[in-house]
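Asker: From the sequence below, what's the structure:
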Amino acid sequence: MANPFWRAGLSLCGPARPPAVLTTAHKPPPDERGPKMQRNRRMLLSHVCCTALLFFWIAVCRSMVVVEGSQQGIPLSVVKLWASAFGGEIKSLSAKYSGSQLLQKKYKEFEKSVRVEEIDGVKLVKNLAVKMEEMFRKKAEATRRLVEAAEEAHHQHEENPELQYEYFNAVLINKLVGGKHVELGGEFLLEANQHFDNLPVNLSLSVVQVPTNMYNKDPDIVNGVYWSEALNKVFVENFERDPSLIWQYFGSAKGFFRQYPGVKWHPDEHGVIGFDCRNRKWYIQAATSPKDVVILLDVSGSMKGLRLTIARQTVSSILDTLGDDDFFNIIAYNQEIHYVEPCLNGTLVRADRANKAHFREHLDKLFAKGIGLLGDALTEAFTILSDFNQTGHGSLCSQAIMLVTDGATEMYDDVFEKFNWPDRKVRIFPYLIGRESAFADNLKWMACANKGYFSQISTLADVQENVMRYLHVMSRPKVIDHEHDTIWTEAYVDSTLKDKQGPSLMTTVAMPVFSTKNETRNQGILLGVAGIDIPLQELMKIIPKHMLGIHGYAFAVTNNGYILTHPDLRPLYQQGKKRRKPNYSSVDLSEVEWEDKDDILRNAMVNRKTGTFSMEVKRTVDKGKRVLKMHNDYYYTDIKGTPFSVGVALSRGHGKYFFRGNVSTEAGLHDLEQPDVALADEWTYCNTDEHLEHRALTQIQAIRLFLTGRRAHLKCDRELIQEVLFDAVITAPLEAYWTGLALNKNSDKGVEIAYLGTRTGLSRTNLFVVPELLSNQDFLTAEDKEGVFNADHFPLWYKRAAEQVPGTFVYSIPFSSASENKSVVLASTAIQLLDDRKSPIVAGKEDLNRH
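Answerer: Okay, here's the model as predicted:
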């Protein structure tokens, strides 16, 4: 045979998780072709509490020899002999470079002192909910401090129409013309900050963004910017209290947006910034209550041409202001009543992204003709709102009729008297389309008589600003009652600022800001909304991955059943990380946990219950290329103070058990701090984000400080750390074993790397060649998403090995190898750590899907 070129990797596993992995690789010299067998091998060994896993990559020559038995006359017995010899050599090399026998022996020594425990799923999910609640509570408290500071600053401010004030405009800062700073664009210190994805930011000051269609020095803008400068101090204090915070901001009802930390905004390719904070979901949700809305669109003959175009845009902008807690329908009217979507006659639908997009498509199919019978349309709208409210399925809060027309010939007081007076529960918002005002008086009267607001829209440029005004009217009850309701958005990707890592999912906590001046208190004036973004990666850090098992995971949903976080939520397309999938923020739990045909799990979580649920599932791995069959037990409960619920899924078998080992702190730290040891980047052993002085610490450095008592206020997971120390001590002999192989001149040529990864995210790596000569430069790097420990999953090789019979090797070829002309084979094995009370835990079946 040709000199083998190997990669070997080892990983250990136990009743609950595999803790180690080793890899080797072999590649034949380019001139060695023909009948000789060339191969590129990588071995990986992984260990979990009672089980260990072993993995290899093996590269095989791409040249193919087609043998026809009738022509070559090769007996079947000879082929079997070849296969037996080849298999025996591969297994021998796998065992040799993985060190699996050494690890098996080491675990045997500790078998009697290891304690195997069954995981209490209910206790686990309740503890997780408490930790998430605490994290969310801290963000909400920071938001409340912003609200209080903003209301106090406005209370002390006297409006001055002549006020001249230079502020840092987010678009203009550091902009020079003729060597001088432009107006509102003074020198603004910016420094790259790792916490903000290496964006250049200013941690001392905020910046102000003004919508493109507004004047930067409008008196209302200048006065608002002036008094809101008081928020800078609170922004900084909040960040000092909680260094895990990212963007803090205040969105004004006047249109400006104050953001901390300060960062420069860049226009798009057309030279504009389309951002208006008042259009964002967090602003609309905080400013208003859930509502039922019927939109009446006049399609009589007088609405032809530009008027109908403006009317369509007005309706579309109204839809933009509706969120997932709102319900709506659109009725077009002339001499007849036309439901824009005929299938939804006489009812309302949730204003989610999909429904709004569907109605927008139908708007383009409308055309103007005939006369407009507004009385019939109003009657239909009132009837729908009344009937839908009685079903108990709507918002059960505010109701409104949006009237988009070019005029009304009468007041229709008889209709209002029959359906809306004297309680006036339904507000009327007329939008007069066009420049003419001949029929404006009747529309103004309708608005005033029904607690609404009148707006006139003459051009397309007027649409957005005029539509937004109704939100301030809808917010009046909250303002007058001084209800600072805390709202939480669903998961979304905010790409307003183009960070270097690409878009990331987040949720926002927001609260309304009211005027508290005595002279305006009863008028219900909304000043704006304060908010804080929370990356969902922060939630992932709280999840105790080592307790969930190899195939276990945690997930969270909103009160509408939409996924907040779940391993199968994939919001971005593979091609181009900046491209978002449509409706990515409204993926229902039933779409990923699809085996729950009756929505038992979904409905229980939406109703914020605590309980358990079990079902057989099929889980895809390796980006959907492979399928695992298993039986999952689900545990769920609500996260208090939020509209969210959290659940955990534990797979039966090794996923329901956990083992605990015990070693001395001194021995554990000694073996943990060896140069070949690393910890999972996305796992949280110690919270180094909570205090600024801990930010520069590695997890291993933080563990030492915690265990030696030198940082009393450093928060760490003592249970996880104890298991990490145990894994470090158990796997320590591999370092000397691998080093001996590397120094042995008679060792097989071509071995590149040995790798071990444990159930606690600990890994050991040994290179047999210089890094530049590694065949797969992405292996075990950040680019190798499936091959490393992530916040929401164990590596692919770890999962596959855990499902096999301990002691046997499983070999597989990456699906990309054919197209990339690489011959790399992954070999894996499991090492069983037996316990008198438990049978071997690794069990299950894996189906491979070839594409």
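
Asker: Keeping just the C-alphas, turn stretch 450-466 into CSV.
Answerer: Output of stretch 450-466 as CSV, limited to C-alpha atoms (Å, rounded to 0.1, in the frame of the first residue of the first chain):
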residue,chain,number,x,y,z
ASN,A,450,-65.9,59.6,17.1
LYS,A,451,-62.7,60.3,19.0
GLY,A,452,-60.6,60.0,15.9
TYR,A,453,-58.3,62.2,13.8
PHE,A,454,-58.6,63.8,10.3
SER,A,455,-55.7,63.9,7.8
GLN,A,456,-55.4,65.2,4.3
ILE,A,457,-53.0,63.5,1.9
SER,A,458,-52.2,65.5,-1.3
THR,A,459,-49.1,63.7,-2.6
LEU,A,460,-47.3,60.4,-2.2
ALA,A,461,-44.7,62.2,-0.2
ASP,A,462,-47.3,63.1,2.4
VAL,A,463,-48.5,59.5,3.0
GLN,A,464,-46.2,58.2,5.7
GLU,A,465,-46.2,61.3,8.0
ASN,A,466,-50.0,61.6,7.9
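
Asker: So residue 736 lies in a helix, does it not?
Answerer: Yes: counting by DSSP: H, G, I helix; E, B strand; the rest coil, residue 736 is located in a helix.

Asker: burial count for it?
Answerer: 10 (other Cβ atoms under 10 Å). For every residue, glycine as well, the C-beta is placed using N, CA and C.

Asker: Please report the distance of it from residue 668.
Answerer: As judged by Cβ to Cβ, to the nearest Å, residue 736 and residue 668 stand 18 Å apart.

Asker: Would you mind finding the longest helix in the chain?
Answerer: Assignment by DSSP state H gives helix 121-156 as the longest helix of the chain.

Asker: Can you name the next helix or strand after that one?
Answerer: strand 176-177 (DSSP states H and E).

Asker: what residue ranges in the stretch 51-200 of the chain are flagged as low confidence?
Answerer: 51-72 (pLDDT under 70).

Asker: same question but for the stretch 751-851 of the chain, I mixed them up
Answerer: 751, 775-787, 791-792, 814-825, 832-851.

Asker: in it, which spans are helices?
Answerer: All helices of the stretch 751-851 of the chain, identified by DSSP state H, counting those that start in this stretch, fall at 796-802, 817-820.

Asker: quick one: contacts for residue 317?
Answerer: Taking Cβ atoms under 8 Å, 6 or more residues apart in numbering as the criterion, residue 317 is in contact with 463, 464, 467.

Asker: of those residues, closest to residue 408?
Answerer: For the contacts of residue 317, the minimum distance to residue 408 (Cβ to Cβ) is 19.0 Å, reached by residue 467.

Asker: So what does the closest one look like in phi/psi?
Answerer: phi -60, psi -40 (degrees, to the nearest 10).

Asker: Which residue, neighbours along the chain excluded, lies closest to it?
Answerer: Using Cβ to Cβ, 6 or more residues apart in numbering and skipping residues adjacent in sequence, the residue nearest residue 467 is residue 317, 4.2 Å away.

Asker: Quick one: low-confidence residue ranges for the stretch 351-500 of the chain.
Answerer: Applying pLDDT under 70 to the stretch 351-500 of the chain flags residues 495-500.

Asker: In it, mark out all the strands, start to finish.
Answerer: In the stretch 351-500 of the chain, the strands defined using DSSP state E, counting those that start in this stretch lie at 398-405, 426-433, 455-457, 487-488, 492-493.

Asker: Tell me which of the ones you listed approaches residue 676 most closely.
Answerer: Per Cβ to Cβ, nearest to residue 676 of the strands of the stretch 351-500 of the chain: strand 492-493, 37.8 Å.

Asker: Sheet partners, orientation included, of that closest one?
Answerer: strand 505-514 (antiparallel) (DSSP bridges).

Asker: From the contact counts, what lies against the very next helix or strand once past the strand it pairs with?
Answerer: Once the chain leaves strand 505-514, the next helix or strand it forms, by DSSP H and E, is strand 526-535. Under the contact definition 3 or more Cβ pairs under 8 Å, 6 or more residues apart in numbering; DSSP states H and E, strand 526-535 sits against helix 121-156, strand 248-252, helix 281-287, strand 505-514.

Asker: Pick out the residue nearest the middle of the chain.
Answerer: Closest to where the C-alpha atoms of the chain average out (Cα atoms, centre = their mean) is residue 505, at 3.4 Å.

Asker: how close does that one get to residue 643?
Answerer: For residue 505 relative to residue 643 (Cβ to Cβ), the value is 17 Å.

Asker: With neighbour count and distance to residue 407 added, can I get the contacts of residue 317 in JSON lines?
Answerer: Formatted as JSON lines, the contacts of residue 317 follow (neighbours: other Cβ atoms under 10 Å; distance: Cβ to Cβ, whole Å):
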{"residue": "463", "neighbour count": "23", "distance to residue 407": "18"}
{"residue": "464", "neighbour count": "20", "distance to residue 407": "22"}
{"residue": "467", "neighbour count": "26", "distance to residue 407": "19"}
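
Asker: Select the longest strand from this protein.
Answerer: Longest among the strand segments of the chain by residue count, using DSSP state E, is strand 626-638.

Asker: Show me how far that strand is from its chain's centre.
Answerer: Mean C-alpha position of strand 626-638 versus that of the full chain (Cα atoms, centre = their mean, to the nearest Å) differs by 20 Å.

Asker: Now tell me what touches the helix or strand that it is followed by from outside.
Answerer: Downstream of strand 626-638, the first helix or strand assigned by DSSP H and E is strand 645-651. With contact meaning Cβ under 8 Å, 6+ apart, strand 645-651 is reached by 119, 121, 124-125, 128-129, 132, 548-557, 601, 605-606, 608, 630-639, 656, 844.

Asker: now with 6 Å?
Answerer: 121, 124-125, 128-129, 549, 551-557, 605, 608, 630, 632-636, 638-639, 656 (Cβ atoms under 6 Å, 6 or more residues apart in numbering).

Asker: measure residue 477 to residue 154 for me?
Answerer: Distance from residue 477 to residue 154, by Cβ to Cβ: 20 Å.

Asker: Actually, residue 341.
Answerer: Applying Cβ to Cβ to residue 341 and residue 154 gives a distance of 43 Å.

Asker: and those two? which has more neighbours close in?
Answerer: The neighbour count for residue 341 versus residue 154, taken as other Cβ under 10 Å, is higher for residue 154 (22 against 14).

Asker: Surely that one is in contact with residue 225?
Answerer: No: assessed by Cβ atoms under 6 Å, residue 154 is found out of contact with residue 225, at 12.0 Å.

Asker: ok, and the closest non-adjacent residue to residue 685?
Answerer: residue 699 (4.7 Å).

Asker: Touching, the one you found and residue 679? I think so.
Answerer: Yes: Residue 699 lies in contact with residue 679 (Cβ under 6 Å); the separation is 4.8 Å.

Asker: Just list the residues touching the residue nearest to the centre of the chain, thanks.
Answerer: 491, 536 are the contacts of residue 505 under Cβ under 6 Å, 6+ apart.

Asker: quick one: the helices in the stretch 601-750 of the chain?
Answerer: Under the criterion DSSP H, counting those that start in this stretch, helices of the stretch 601-750 of the chain are mapped to 665-672, 699-707, 718-731, 733-743.

Asker: related to what we said a few turns ago, which positions in the helix or strand hosting the residue nearest to residue 467 come out as buried?
Answerer: Residue 317 is located in helix 306-320, with elements delineated by DSSP H and E. Neighbour counts over helix 306-320 (16 or more other Cβ atoms under 10 Å) mark 307, 308, 310, 311, 312, 313, 314, 315, 317, 318, 319, 320 as buried.
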